[in-house]
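1. fold the following, please.
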Amino acid sequence: MSDEELLAAFQQGDPGAFERLLSRHRGPLFTFLVRMTGDREKAEDLAQETFLRLVKSAAAWEQRARFQTWLYTIARNLCVDQSRRDKFRRADSLDADGPNDEPPLVDSVVAEGPGPDRGAESARLRPLLQAALLSLPVEQREVFVLREQAGVPFKEIAVVVGVNENTVKSRMRYALEGLRKALAAAGISADLAEPEADSSVRLGRA
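-> Sure thing, here's the model as predicted:
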């Protein structure tokens, strides 16, 4: 059954249908959230909240809408909200003096290091890949991760992030350029395909 058929079955009172949706999408969604937040604990919380919102809103879903688009729109909006909360907390904590008259924490913050490639097999590469992703502007990162990690088509990504498809492809291109530079700075070469070429780039799983 397709995602849409399963959700329609859940609307009709079949709880097992939602379990199948959860099993099908939980892994890719969690990895998307890890790549977006850089924090597994936050990603787990956001994944749970995403599915809770799906359950609460399932009755209002219309079958002409794509389930995957709806799922990642909810998850992406939760990431945006989380990012705003994190920035607010960081602004408070970084401006405050450290204990024992130490300088503010902002003075000791280290810039994020670079690094992704196609198959982050080794544990050594994974932190570099994640750091490179987190160094990208969020609008580029979300397009890259939606396309390369979650496998969402560009047309649907445009709906998720609220821009046209050409803008999505432009953001993807800038993301690839940024990741190439990050990898080169880390001494790693990578062959990242351009967006129009139906890229086969894949990050290592979370």
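
2. which SSE is immediately downstream of the helix or strand bottoming out on mean pLDDT in the chain?
-> The weakest-scoring helix or strand in the chain, judged by mean pLDDT, DSSP states H and E, is helix 67-95 (a mean of 78). Note on helix 67-95: by DSSP states H and E, the next helix or strand toward the C-terminus is helix 125-135.

3. show me what that next one packs onto, helices and strands only.
-> helix 15-37, helix 138-148, helix 165-185 (3 or more C-beta pairs under 8 Å, 6 or more residues apart in numbering; DSSP states H and E). For glycine as for every other residue, the C-beta is placed from the backbone atoms N, C-alpha and C.

4. go through those and name the closest to residue 76.
-> Closest to residue 76 of the helices and strands packed on helix 125-135 is helix 138-148 (C-beta to C-beta; 6.1 Å).

5. which SSE is immediately downstream of that closest one?
-> Trace forward from helix 138-148 with DSSP H and E and the next one is helix 154-161.

6. residues of that following helix that come out buried?
-> 154, 156, 157, 158, 159, 160, 161 (16 or more other C-beta atoms under 10 Å).

7. out of the helices and strands packed on helix 125-135, deepest packed?
-> Comparing these by mean neighbour count (mean count of other C-beta atoms under 10 Å), helix 138-148 ranks first with a mean of 23.

8. run the angle between that one and helix 165-185 for me.
-> Angle, helix 138-148 to helix 165-185, by axes from the mean of the first three to the mean of the last three C-alpha atoms, to 10 degrees: 90 degrees.

9. and helix 138-148, how far out from the chain's middle?
-> Relative to its chain's centre, helix 138-148 lies at 6 Å (C-alpha atoms, centre = their mean, to the nearest Å).

10. and what of stretch 165-178?
-> For stretch 165-178, the distance to the chain centre is 15 Å (C-alpha atoms, centre = their mean).

11. what does the average pLDDT come to for it?
-> Mean pLDDT, computed over stretch 165-178, is 95.

12. is it possible to get a markdown table of the helices and strands packed on helix 125-135 that adds distance to residue 126?
-> Converted to a markdown table, these look like this (distance: least, C-beta to C-beta, whole Å):
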| stretch | distance to residue 126 |
| --- | --- |
| helix 15-37 | 11 |
| helix 138-148 | 15 |
| helix 165-185 | 13 |
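
13. for residue 62, find the nearest of those helices.
-> Using C-beta to C-beta, the nearest of the helices and strands packed on helix 125-135 to residue 62 is helix 15-37, at 16.3 Å.
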